[in-house]
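A.B. asks: I'd like to go over a predicted model; first the sequence, then the structure.
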Amino acid sequence: MIDFERVTKRFGSWTAVDAVSFTVAEGEFRVLIGPSGSGKSTVLRMINRLIPADEGAIRIDGEDIASLKPEELRRRMGYVIQSVGLFPHWTVERNIATVPGLLGWPRARIRDRVTELLELLNLDPRRYRGAYPHQLSGGQQQRVGVARALAAEPRILLMDEPFSALDPITRASLQTELSAIHRRTGTTVVFVTHDMDEALRLGDSIAVMDHGRLIQCATPLDILTRPASPLVRDLVGREEWGLKRLAVETVGDRARRQESVTGEPLAAETPLHRALSEMVARGTERLPVVDGDGQPAGVLHLSDLVRPISGGTVPGGTA
Amino acid sequence: MASRVSLHRFLHNRVALLMALAAAIAAMALPLLGFAPNRLLSGRPVPLWAAVQGFDGAIALLAGLALLATPFLRPTRPGLGLTVAAGGLFTAGLVWLAGAQAAALAQGASAAARTSFASGFWVMAAAGLLTAIDAARRLGLGAVGRMAVGGAIAALVALQLASGHLDALSILKEYANRRDIFADAVLRHAMLVVAALIPTLLIGIPLGIAAHRVQAVGRAVFPVLNVVQTVPSIALFGLLMAPLAALGAMLPGSGISGVGPLPAVIALTLYSLLPIVRNTAVGLDGVPAPVREAARGMGLTPRQIFLRVDLPLALPVFLSGLRITVVQAVGLAAVAALIGAGGLGAIMFQGLFANALDLVLLGAVPVILLAVAADALLSIGIAAATHSIGLLPGKSAP
């Protein structure tokens, strides 16, 4: 658990972070979003003390981080940045092994862990273990960057716009993989981005920042349907609002469980906007749904997509 | 038109063609050696064809014929390998011919008679060496490979030196006269360079690190070092003489004086600082900021970041600075002989003042060899450092 209590950071006369308080629960995926200069990266970098707080307290599992050695604190967390920062003179294996090496893991355990992580990030260990960073594409480099951050099984993963420099296809596949890793490991993630679609897609909760203040911290659905300020509404944008609204719910949320129909089924965790796309593509108004085990889980109707459940209209009402 | 087409079809190496033409013209028009009754008189020219006598002469010249063929060899590995061999063997063969001819001329001449290398020898030897160097580069040889080629050619000449085959040449007669001081001069020359290198590194590396970390340090240091570099070496030696002499007078018994090795070492250090400070700072500046940021974020201590990230990544640029420094110091140390520092420069100046060109050569050739050897060794170091940071092309992408 990460706990910010009235944390302030000033650079000269400029207040980058202004008395911010929030809590990130164990295992939560928290996205920090806001315009540039809003203080979101500063907040992230205060969690591992790359930037020291001027006022207030930051606690992890109740322990004030100011009482810890910064290096020890950082070794307990994963850290991923937009420009990756792989060590160019080390192989992929040695890069990933950095923190386990610092923590003094036995050699065999490090080796196994590297293999495991490369497989987790869809990089063939035999092919990439001995490669140097400059031999990898941008997407592969960031996969290694994520693997390196996860190496010592940290309970907290800090990510500063990790996918912003990647092409849309690579970004989408890394987002999917990150979601899966988060579900599987239960790691607490704090993820900075300026891309609302990414925030809506990944976050359990989204904290919107502006001018060093926390404007709103809520679930993706609430951010979409109950924006706390015009800025939040602008960040969401009115364009394709309906599709974004659909994207934060899954097929399983709205399927009619008792019914059945033939056809290629959709997985229950598919976001609703994909289901709509699928209906248009197939020219049908009904799609069968299966659960995680492949068992039938009902039918999704086109009318279910437009049925308002809660806050189903555009806030402000004029879009 | 037809001749142009056929030339393009058969000509594969323009550099080799230029060198072969230069060698051919020098062979016909310039003297290989000069033969003089004593070292003060200018000699009569001995052309190449006069030197080619007997079976071994013909063999030595075979490499020359091969050299003439090299422009027309295809740029394949065997073709370029043959070109390297032809260039190297031709150069070594010329030395052999010169030695044999000098020995022949010495028979029946007085002990004061001198046989020296003449313009034709220098042009042909240079053509042979350049052909070999260029072909080695085209072969894509690394620093180690190029050093092996250079070492092989040097070994062929060294064998001739050791066997006494070259003893009748003037430069070796000068050597024989100064056998006792020659080894001392080489050692002293090297010691001057090493003695300057130690304070240079002790001052230069911390200064470079400081210039990298604090901009103000760089702004203060680099203009000063740049000005020092522009002061001519003789002037700098002169400038140091007066204050050091005054200091020596103030501290009798300290051994400080305005002449001798101390001002030489100080001047060499001043010259050597710029490349070391600059390349240390530039090398560290070149370490990508995200790499340092990631290192810090993962919990490396400042010391670990310096040793594991900054140092290896800055090393190739630093070593390039060291290479410039060493090569420059080897050359400048020769000038230091003017203020009584000794070394190979002393032999060169003796020769200059006595108008004995072979004595100048006896000092100059080892200076060149020292510089080339230092350059080659540091090149290997740079290649190894670059390779170890995974930036060398040639490792294929997986």
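C.D. replies: Great, that's in hand. Numbering: from 1, shown residues only, chains lettered A, B, ... in the order given.
A.B. asks: how about the nearest residue to residue A:55, chain neighbours excluded?
C.D. replies: Spatial nearest neighbour of residue A:55, chain neighbours left out: residue A:8 (4.1 Å); criterion: CB to CB, 6 or more residues apart in numbering or on different chains. Heads up, the C-betas are built off the backbone N, CA and C, glycines and all.
A.B. asks: now for the strand or helix carrying that neighbour, which elements pack on it?
C.D. replies: Element membership for residue A:8, per DSSP states H and E: strand A:2-11. Secondary-structure packing of strand A:2-11 (3 or more CB pairs under 8 Å, 6 or more residues apart in numbering or on different chains; DSSP states H and E): strand A:14-24, helix A:40-47, strand A:55-60.
A.B. asks: Return the list of strands paired to that strand, each annotated with direction.
C.D. replies: Partners of strand A:2-11 in the sheet, by DSSP bridges, are strand A:14-24 (antiparallel), strand A:55-60 (antiparallel).
A.B. asks: Tell me how far the longest helix seen in chain B lies from the chain's centre.
C.D. replies: With DSSP state H applied, the helix covering the greatest number of residues in chain B is identified as helix B:179-213. In terms of CA atoms, centre = their mean, to the nearest Å, the centre of helix B:179-213 is set 17 Å apart from its chain centre.
A.B. asks: what do you get for stretch A:277-287?
C.D. replies: Remark: stretch A:277-287 is offset 29 Å from the chain centroid, using CA atoms, centre = their mean.
A.B. asks: swap in stretch A:130-147?
C.D. replies: Taking CA atoms, centre = their mean, the mean C-alpha location of stretch A:130-147 is offset from the chain mean by 20 Å.
A.B. asks: And for that stretch, what's in contact with it?
C.D. replies: A:78, A:80-81, A:84-88, A:90-93, A:95-96, A:114, A:117-118, A:120-123, A:128, A:162-163, A:165-167, A:170, A:173-174, A:177-178, A:181, B:294, B:390-391, B:395, B:397-398 (CB atoms under 8 Å, 6 or more residues apart in numbering or on different chains).
A.B. asks: residues in contact with the residue of the stretch 1-150 of chain B found nearest chain A?
C.D. replies: Nearest residue of the stretch 1-150 of chain B to chain A, counting by CB to the nearest CB: residue B:142, 17.8 Å away. Listed by CB under 8 Å, 6+ apart, the contact partners of residue B:142 are residue B:383.
A.B. asks: Next: the one 10 residues further on.
C.D. replies: In this structure, residue B:152 makes contact with residue B:88, judged by CB under 8 Å, 6+ apart.
A.B. asks: could you measure residue A:301 against chain B, distance?
C.D. replies: 48 Å (CB to the nearest CB, to the nearest Å).
A.B. asks: Surely that residue is in contact with residue A:286?
C.D. replies: Yes - using CB atoms under 8 Å, residue A:301 is in contact with residue A:286, at 5.5 Å.
A.B. asks: Would you state the helices of the stretch 1-150 of chain B in chain order?
C.D. replies: B:2-10, B:14-29, B:48-51, B:54-69, B:77-106, B:119-138, B:143-163 (DSSP state H, counting those that start in this stretch).
A.B. asks: Check the average confidence over the longest helix of chain B, would you?
C.D. replies: Per-region confidence: helix B:179-213 scores 92 on mean pLDDT.
A.B. asks: That helix: which residues count as buried?
C.D. replies: Within helix B:179-213, the residues scored as buried using 16 or more other CB atoms under 10 Å in any protein chain shown are B:182, B:185-186, B:188-190, B:192-193, B:195-197, B:199-201, B:204, B:207-212.
A.B. asks: Could you do stretch A:70-80 as well?
C.D. replies: By neighbour count on 16+ other CB under 10 Å, the buried set for stretch A:70-80 is A:70-71, A:73-80.
A.B. asks: among these, which are in reach of chain B?
C.D. replies: A:70-71, A:73-75, A:79 (CB under 8 Å from any CB of the partner chain).
A.B. asks: Now render these as JSON lines, adding secondary structure.
C.D. replies: JSON lines is the format used below for these (DSSP: H, G, I helix; E, B strand; the rest coil):
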{"residue": "A:70", "secondary structure": "helix"}
{"residue": "A:71", "secondary structure": "helix"}
{"residue": "A:73", "secondary structure": "helix"}
{"residue": "A:74", "secondary structure": "helix"}
{"residue": "A:75", "secondary structure": "helix"}
{"residue": "A:79", "secondary structure": "strand"}
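A.B. asks: Having no further points to raise, I will conclude here.
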